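>>> Starting from these lines, generate the structure:
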Amino acid sequence: MHHFELLRGIVTDLRIAISLSTLLPLGPATPVSDGDVARASWALPVAGLLVGFAGAAVYWIAREVGLTPSPAAMLALAATVLVTGAMHEDGLADTADGLGGGRTRERKLEIMRDSRIGTYGACALIASLILRWSALETIAEPMSIAAALSVAHAAARAGMPAFMWLIPPARSDGLSARAGRPPGRSAAIAFALGALCLVFGSGPSKALIGVILLSLAGLILAWLATRQVGGQTGDILGAFEQIGEIVVLLMTAALLHTEPGP
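As a prediction, the model looks like this:
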């Protein structure tokens, strides 16, 4: 009975994480409470793997029908955006507008809540799309693309529970505040899953580089968020994911050319 309850809990957490991260209709049948979201955050890297698989499948199909790496990479990127409902891209744009505009903490938070996109947000969104697309185009080989997308989406979400655990919400309402502070165990499991994905997808040495780069990026974003708005929000978590994706894909593309030839 204990093992059955444990398995049911794992499946529930997976469904919660997938429903939060994607538009896939896999959410649990019963209503989800705020504490459930924080607890299930350990499964966010698994949800990321599914998003990466979707992009990899689209890339493979595009290449099979004769498309070159450039349009195939754009289609793969579009697939990941569609699967997630552009949730993280929206967070990145709002974060850029909020942190880049507004003179006071209150005004910055107000800008983040504004559904309209500003100059900073548009520039950040364009930069994110171009950087990811160019990295995928450079990687090119379908199996390498599959590994890169899967690892990027898993690793980019692996640090989110730790970020939420370390940095308090900037306001008392909103997605991040409602989700609550993840348990330390959930944060540790998510981080470990992300690290494992990096090891299996890139090898131990590249995985170490990836962990260092992702950690540095997360610390810089945490410093900016704390200094400018006093904590993190759902939009800032979206920006965290986008930055993580970019870091892993650019690292993969760059290190691809440092490998010795046959």
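
>>> what's residue 213 sitting at in phi/psi?
With angles defined as degrees, to the nearest 10, residue 213 sits at phi -60, psi -40.

>>> Now do the same contact list for the closest residue in space to it that isn't next to it in sequence.
Counting by CB to CB, 6 or more residues apart in numbering, residue 247 is the residue found nearest to residue 213 once chain neighbours are left out, at 5.1 Å. The C-beta positions use only the backbone N, C-alpha and C, and glycine is treated the same way. By CB atoms under 8 Å, 6 or more residues apart in numbering, the residues touching residue 247 are 156, 210, 213, 214, 217.

>>> try residue 228
Contacts of residue 228 (CB under 8 Å, 6+ apart): 98, 99, 105, 108.

>>> I'd like the next helix or strand past the helix or strand of the chain with the lowest mean pLDDT.
Of all helical and strand segments in the chain, the minimum by mean pLDDT, DSSP states H and E falls on helix 175-179, at a mean of 70. Using DSSP states H and E, the helix or strand that follows helix 175-179 in sequence is helix 184-202.

>>> And that next one, what does it pack against?
Using 3 or more CB pairs under 8 Å, 6 or more residues apart in numbering; DSSP states H and E, the elements in contact with helix 184-202 are helix 44-64, helix 142-158, helix 160-166, helix 204-229, helix 234-256.

>>> how distant is that helix from the center of its chain?
13 Å (CA atoms, centre = their mean, to the nearest Å).

>>> Would you mind listing where the stretch 51-200 of the chain has pLDDT under the threshold?
174-175, 177 (pLDDT under 70).

>>> End to end on stretch 153-170, go ahead and measure it.
Its first and final residues considered, stretch 153-170 spans 25 Å by CA to CA, to the nearest Å.

>>> List the buried residues of that stretch.
153-165, 167, 169-170 (16 or more other CB atoms under 10 Å).

>>> And the furthest pair within the residues you listed?
Spatial extent of the buried residues of stretch 153-170 (CB to CB) is set by the pair 154 and 170 at 26.4 Å.

>>> Other residues contacting stretch 98-112?
Outside stretch 98-112, the residues touching it (CB under 8 Å, 6+ apart) are 94-95, 97, 118, 120, 170-171, 224-225, 228-230, 233, 235.

>>> My error: substitute stretch 54-72 in the last question.
73, 75-80, 83, 136-137, 140, 142, 145-146, 149-150, 153.

>>> buried set for it?
Under 16+ other CB under 10 Å, the buried positions of stretch 54-72 are 54, 55, 56, 58, 59, 60, 62, 63, 69, 72.

>>> of those, closest to residue 13?
Nearest member of the buried residues of stretch 54-72 to residue 13, counting by CB to CB, is residue 54, at 20.6 Å.

>>> related to what we said a few turns ago, widest-spaced pair of the buried residues of stretch 54-72?
54 and 69 (18.1 Å).

>>> of the buried residues of stretch 54-72, closest to residue 127?
Of the buried residues of stretch 54-72, the one sitting nearest to residue 127 (CB to CB) turns out to be residue 55, at 19.0 Å.

>>> Check the residue lying closest to residue 47 once chain neighbours are set aside and give its pLDDT.
Leaving aside its chain neighbours, residue 47 sits nearest to residue 21 (3.9 Å; criterion: CB to CB, 6+ apart). Listed pLDDT for residue 21 reads 89.
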